[in-house]
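Asker: With the input below, show me the fold.
(chains A, B and C)
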Amino acid sequence: MILIAGIPSEAPVALAIDAAEEWGIAYVVLDQRAHRDWDLTLNLDPHSGWRGAMTGPDGGAVDLDEVTGIYTRMMDHHFLPAPGDGPARPGDLARADSFHHLFHAWLDVAQCRIANRPRAMMSNMSKSYQAGLIARLGFAIPETLITNDPDAAIAFVDRCAAEGDEVIYKSVSGARSIVQSFAQSDKARLGRIRWCPTQFQRKVRGTDYRVHVVGGRVFGTRIESAATDYRYAARQTGEAAALEATELPGRVAEACVALAAGLDLPFTGVDLRRTPNGDYVCFEANPCPAFSYYEDHTGAPISRALVRWLAGDDCAD
Amino acid sequence: MRRPAARGGRGAGPSAMILIIADPSDTGALWLRGALGRRVAGPVRLVTPAQLAYAPSIAHRLGGPGDGFRFALADGDVLTGERLTGVVNRMVGMPFAHLAHAHPDDRAYAEGELHAFLLGWLGSLDCPMLNEPSPDCLAGPLFGEIHARHFAALAGLGVGAARLDPANPSAPALTTRPTMRHFVLEGRLIGPIVPAADRDSLLQFGRLWGARLMQIDSDEAGDRRRFHAASSLADFPSGGEALLRAVAEVLAR
Amino acid sequence: MAKKASKGASKGSGSSGSGGGSGNGGKQGAAPPASPPELIVVTTQEAGLRASAGRLESIAGAPTDMLATLLADTRAVLRPLFGATEERVLSASLEAAASRGDEMAPAEDLSLFYTVDAPPERLESIRSDLESDDLVAGAYLKPGAEPPVLNDMAPAPQEAPPASPDFTARQGYLDAAPGGVEARWAWTQAGGRGNGRKIIDIEGEWRFTHEDLLVNQGGMVAGNAANNLGWRNHGTAVVGEFGGDVNNIGITGISPNANVRAISIFGPGSAGAINNAANRLGPGDVLLLELHRPGPRFNFAQRADQRGYIAIEWWPDDYAAIRNAANRGIIVVEAAGNGAENLDDAIYQNPGPGFPAGWTNPFRRTNRDSGAIVVGAGAPPPGTHGRNHGADRSRLDFSNYGALVDAQGWGREVTTCAYGDLQGGSNEDLWYTDTFSGTSSASPIIVGVAACLQGMAQARGKPFLTPAKFRACLRSTGSPQQNEPGRPATQRIGNRPNLRQLVTCAFPKPLKENKDVKDTVKELKEREKSLIKEAIKEIKEIKEKDFKDVKEKELKEPKEFKEIKEVEKNPKEGKELEKHQIEKNPKELVEKNVGEGGIQERVTGMGDGSVEQRLAAVETALGGLLHFIGGELRPDLSTSALGGEARDLAQGDADAKQQKDIKDNESY
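Answerer: Below is the predicted model of the structure:
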């Protein structure tokens, strides 16, 4: 049996539920909006650690020891829409805090397949931190400078320009920003970086790829767009991006699987760019991928692979 | 994810340096600086998080030929990775007084950016660190009681029974006091000698915890070593000569 | 044993020898009998021995049968020296680690020390058997401790008057420097009588019913009284020097407002007494070791003339206890001893028989440092009480000397309670002496000075001096040691303290970069403050430049509005929406716009508002520093978006879904 935790109407979660239905995989849905109606108990076994049990709104008990895999796409519970029946009661927030604290802690220690463990997902809170991990796991990463020194930034921009490359700038933290190219007029504003180091990156020319890793399987998507940040293509260029399912070279697929394993993110969305001379540069590993967007546009059976992996089925289709 | 132990011979020689990053009120780190300074040939430099954050010039490069970092500090010193053989990383907090001057919309964002920068920079240092940073705490993994007791149980250390639910999210504290403190440093156990089974349990706990250096407090309950508390922030003075010797070995090779 | 009070040849008399400290000892004036010798055992770390609470086992699994047999055969009992069980010793150590003072050296493992209860005559043979056991790192016999005393004063026969006179004027050591320590001046300072501080004296017995010792004392709190007049006189005289009550009779102590207690070594042994005292004290408090012991010079033999007697930290268990006390910030004052010994001599480099391997000589602080303040005995100003003992502050012939002696006190002519030569009679509670001597009388002066200084620290709101700081100030201030024929100042006993100078050393006026103190906590914190100030100054500059830039842009291109997001979606409602914007928070009037190749910040919603109105809006909006990556590049993915997300998805809004789907990261 697998557990799917999140907002059921959200596209990625909805796809996962549909896939489980379709493949006859027993599943339980923990609707995060209804967390008040769920109970969770953890008992400490002196030899094997925590053992969990949950009870749902319908009174059904879930022995978490029988769950083989969990897909979690939970949001910060402070931002959950309030329940329909008026303002929150005083004890509600405390209970919500406790419930989520216990659930997330249990996700970290549970001995089953988890997509993904909360601790592992945290590496994405710093792009440069994650980039360091990615580089150590063997991928090329874009040339990056994080600095508070306008002179250093200008030197970097000029050097890249001399080699025919643009420079983009973007957030280092998990609060993502729309990737933007550095323009000459931006030099005048560089004084602002003095109070907060800012990330500049040599723009990698090439084609965007998004690779979804599910356990040992990969699903590649090629993306064509003129925008600097294809996610905001409509806003930036007026045209949506074009997505297409694609096979990746064996070594790249293997590298993605190894990357996901090394980051302890068995379900990952890896952002790559293939340069004109055939190298693959990795930008990011997304620990909570919005894979539905890609599945909808390319038909890649990501949700199917996900629920089967959670059920313990590693077979290729 | 732990990076492997640093390759040897790097930065060896009299100019090799050990860096301690600690808040001015971290007396344990200040003590360590003096004690280490008497023990190793090269300099032991202390720098505070504020000195780093307010450095007039900061540059962290990755992914290119000029990988590395450079801080030009306010007092004129320049900090790079060249001579570093080891780092004692005690950066539990981040200086953010200056962020009060940010636009309110930008304040939280800037805090996140500064934190992310520090995490990425600390994570990029390739010499041995006590400890490598973790996303949950810049100074090393920060586990609560749920994780800690889980590791203890798996490692074969005694743990009190506990039952948690949203109404009772915390386990009752032990009423006895710990009687022993051990340190696990790079898979070595430092501290009072204990029976082999206990020794293995403590080492296994350290492996599960995942920091290069961590400390475990325990006592004896019947025939079992019972877990009390653990931390990635080692209390260096309580480790005596043995810990000091081992730390010097790790950081000065 | 006794030396005559006046300068002159020594004369041996009275009892000596090891064993027994019980009963009314010897004739009056004889040296108090030594405490019993102690057989100390140090076990190996690896053994993990547990010899308490009915156990004799090794938690590491090592065989203990040989040890058990030995103990049974000799009917000796092995017990932990520093607590009832090893667990309690370790637990107390962990607690001490939590309250560690700044003076931190590696912790000594007190759980490895044991003492053996057995008949004194069998101790040596048990010792050599124990030494050869695998579980034992060292087993050594400590000769009994004696108070460093040269006093054979007998009480004057005539009864004391109905009210004791005021003898304070005879206490020259209270006076101004160089003759005294400036105690009278310290009394005029806030906290300068040792207010709030605690002192514990460690020796054998005291007369706490003495008429001038009634206030601010807690009596003997551990150990058993020696039951001997010699020990009792000694302890009472010692306590009088720093604890004598403030009244118009008798004497006045240097630090009379400090609380005084005592612990006897009879019972716990010297190291056990030290550790017991340390558990009752903390930073700002003082511990006094009024003991010395026969050293290797004369093969550890008890001697009537106390030649060859040395400070007790030379023995491993005493060293460990002293070190751990100093680690807790307690000032430990230790008599150097009356053995007329040069403590720098190479003879002290050799470990005593049975010392554990790895022992090093603490008399050379380059080897290791107990953290104690070691006190020598110096001559008072010539003419004090009409007598002359050599040049003022010269070494007295019996005083030990050497590099580790930190300071000197009066070793002769000390007026204080007890003995009865100044005022005698049949009631001990009324006895006073004019001639208390030895490193015995010198050490309490340093104790009083320490308590006054710590009292002043507290009154000024300063942190207490660490033992290291106190030692450094003692060594760098004060009235210097002087030469005397046959006893040059190169035979170091240190300076006589001067409280005025100590105050300047302990509480220096701030500023002036001193390389030595550069890296203290205080310096670092001050550096932090100036860093922040500089950073804020820079920030102000950035802010002003920012504001200038935005203002300029605004003036240059007043009307280039691109459609805002909502206007894009709902062109019809553009005008109404703009109207709504005006009512909103001025902050939200700064609408961001993204175009190819650059960010342009615009103030919108003002329609055709005047330049002044637009500038006013910019000023309000620019209430703080702006990040280089402006808010317009950071789609608002927090509260409202997430709240709207669920709603929008439920409505199956494709556009919203696309926006949402590109949000990859849940907030964690």
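Asker: all contacts plus neighbour counts: C-alpha atoms, from now on.
Answerer: OK.
Asker: could you list every residue that touches the residue in chain A positioned nearest to chain C?
Answerer: Relative to chain C, the nearest point of chain A is A:Ser177 (4.6 Å; Cα to the nearest Cα). Contacts for A:Ser177 (Cα atoms under 8 Å, 6 or more residues apart in numbering or on different chains) come out as A:170-171, C:629, C:633-635.
Asker: Ramachandran angles for it?
Answerer: Note on A:Ser177: its backbone torsions stand at phi -120, psi 160 [degrees, to the nearest 10].
Asker: same question, C:Leu287
Answerer: The phi/psi pair for C:Leu287 (degrees, to the nearest 10) is phi -120, psi 130.
Asker: Could you do A:Leu272 as well?
Answerer: phi -120, psi 160.
Asker: next one: C:Leu56
Answerer: Main-chain torsions, C:Leu56, degrees, to the nearest 10: phi -140, psi 90.
Asker: Measure how buried it is and give me the count.
Answerer: Look at C:Leu56: counted by other Cα atoms under 10 Å in any protein chain shown, it has 16 neighbours.
Asker: Pull the contacting residues for it.
Answerer: Contacts of C:Leu56 (Cα under 8 Å, 6+ apart): C:49-50, C:64, C:68.
Asker: now do 7 Å
Answerer: Listed by Cα atoms under 7 Å, 6 or more residues apart in numbering or on different chains, the contact partners of C:Leu56 are C:Arg50.
Asker: Distance of it relative to A:Asp45?
Answerer: As judged by Cα to Cα, to the nearest Å, C:Leu56 and A:Asp45 stand 34 Å apart.
Asker: and what of B:Leu125?
Answerer: Per Cα to Cα, B:Leu125 is found 39 Å from A:Asp45.
Asker: Skipping its backbone neighbours, what lies nearest the residue of chain A closest to chain C in space?
Answerer: Leaving aside its sequence neighbours, A:Ser177 sits nearest to C:Arg634 (Cα to Cα, 6 or more residues apart in numbering or on different chains; 4.6 Å).
Asker: Pull the contacting residues for the one you found.
Answerer: Applying Cα under 7 Å, 6+ apart to C:Arg634 gives the contacts A:176-178.
Asker: which one of these is nearest A:Gln32?
Answerer: Nearest to A:Gln32 out of the contacts of C:Arg634 is A:Arg176 (Cα to Cα; 24.0 Å).
Asker: Would you confirm that C:Asn216 contacts C:Asn259?
Answerer: Yes. Counting by Cα atoms under 7 Å, C:Asn216 touches C:Asn259, with 4.7 Å between them.
Asker: where in the stretch 551-668 of chain C is pLDDT low?
Answerer: C:551-623, C:636-668 (pLDDT under 70).
Asker: Find the closest residue to chain A in it.
Answerer: C:Arg634 (4.6 Å).
Asker: roughly how far apart are that residue and A:Val307?
Answerer: Taking Cα to Cα, one finds C:Arg634 at 33 Å from A:Val307.
Asker: One more: C:Arg496?
Answerer: 84 Å.
Asker: same check, this time on C:Ala321
Answerer: 65 Å.
Asker: So the two - more neighbours on which side?
Answerer: A:Val307 (31 against 26).
Asker: and C:Ser479, what is it in contact with?
Answerer: Going by Cα under 7 Å, 6+ apart, the list of residues near C:Ser479 reads C:177-178, C:495-498.
Asker: farthest pair in these?
Answerer: Between any two of the contacts of C:Ser479 (Cα to Cα), the greatest distance is 11.3 Å, for C:Ala177 and C:Asn495.
Asker: distance of the nearest residue to B:Pro128 once chain neighbours are set aside from B:Ala72?
Answerer: For B:Pro128, ignoring the flanking residues on the chain, the nearest one in space by Cα to Cα, 6+ apart is B:Gly86 at 5.0 Å. B:Gly86 sits 20 Å away from B:Ala72, taking Cα to Cα as the criterion.
Asker: Neighbour count for these two, which is higher?
Answerer: B:Gly86 (28 against 18).
Asker: Tell me where chain B has helices.
Answerer: Assigned by DSSP state H, the helices in chain B fall at B:27-37, B:49-53, B:104-124, B:145-155, B:196-209, B:240-251.
Asker: Can you show me the helices along the stretch 151-300 of chain C?
Answerer: Assigned by DSSP state H, counting those that start in this stretch, the helices in the stretch 151-300 of chain C fall at C:183-186, C:229-243, C:269-278.
Asker: what residues are up against the residue nearest to B:Val78 when sequence neighbours are not counted?
Answerer: Leaving aside its chain neighbours, B:Val78 sits nearest to B:Ala72 (4.5 Å; criterion: Cα to Cα, 6+ apart). Counting by Cα under 7 Å, 6+ apart, B:Ala72 makes contact with B:55-58, B:78-79.
Asker: Please flag which of those sit within strands.
Answerer: Under the assignment DSSP state E, these contribute B:57-58, B:78-79 to strands.
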